[in-house]
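1. Pasting a predicted model and its sequence here:
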Amino acid sequence: MRGQDIEPVAHRYCFPQRSLEERVATWKRTYAEQEEGIRTVALLDQSGEILGYGSLLRRSEYFRDIPEVHDLWIDEGHRGQGLGSRLIGWLEELAVREGYTAIGIGVGLYRDYGEAQKLYFRLGYCPDGTGITYKNTSVTPGESYPVDDDLILWLRKALASSSAR
Ligand SMILES: CC(C)(COP(=O)(O)OP(=O)(O)OC[C@H]1O[C@@H](n2cnc3c(N)ncnc32)[C@H](O)[C@@H]1OP(=O)(O)O)[C@@H](O)C(=O)NCCC(=O)NCCS
């Protein structure tokens, strides 16, 4: 991602629940994190049209030892064509180049995340064995939690230099 991408990506991905100003501010923060080395943002650009995005987050709030594939989104009209897989593959390759031997990802539990759940399992991501978290803290059996974007199953994948290509 380059600084000049902030405006176009914020315009393209201006979801109804957020104003354009909020989106620009969010993408400015995301770009600043890239400048600080916290993440690398990959944009899928087809002849100037941004078809999706995703990050390699080096300072995950959940994973302590490995980077996280974070904030992944493919334009609704371009899904099911392999773009999400390619984007994840690119981020995995970047992690391998940086010397990481594993990578993680978190996925929500409700229906909107169904495609992502299937895709991550197909790409070799497996549950990390700690169950699910709510707001990054392990849930307690018997307690109630809202089924929202903060209820997450965490997955890991071992990276071999050949598997990332
Ligand atoms: C999850 C998401 C990123 C996947 O992106 P995508 O570009 O559709 O992913 P792909 O095309 O690589 O793979 C999706 C499916 O299409 C299939 N596919 C890939 N290329 C294909 C092709 N050329 N023809 C037909 N099907 C194809 C894949 O096999 C996969 O199927 P499977 O999951 O049943 O195995 C996308 O659905 C999305 O942005 N969802 C909303 C946001 C979201 O959930 N983000 C993740 C948060 S954790």
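-> Received it, and whenever you're ready, just let me know what you need. Quantities reported herein were computed from a predicted structural model and do not represent experimental measurements. Numbering: from 1, shown residues only.

2. quick one, what contacts the spatially most central residue of the chain?
-> Nearest to the geometric centre of the chain sits residue 70, at 2.2 Å (Cα atoms, centre = their mean). Neighbour list for residue 70: 39, 54-57, 60, 105 [criterion: Cβ atoms under 8 Å, 6 or more residues apart in numbering]. Quick note: C-beta positions are derived from backbone N, CA and C, even for glycine.

3. Assign the residue lying farthest from the centre of the chain to helix, strand or coil.
-> Here the centre of the chain is the reference, and by Cα atoms, centre = their mean the most remote residue is residue 142, at 29.7 Å. Three-state call for residue 142 (DSSP: H, G, I helix; E, B strand; the rest coil): coil.

4. now do residue 129
-> Applying three-state DSSP: residue 129 is strand.

5. for the lowest-mean-pLDDT helix or strand in the chain, packing partners?
-> When the helices and strands of the chain are scored by mean pLDDT, DSSP states H and E, helix 6-12 comes last with a mean of 90. Counting contacts by 3 or more Cβ pairs under 8 Å, 6 or more residues apart in numbering; DSSP states H and E, helix 6-12 packs against helix 20-35, strand 49-57.

6. just the helices in this protein please.
-> 6-12, 20-35, 83-97, 114-122 (DSSP state H).
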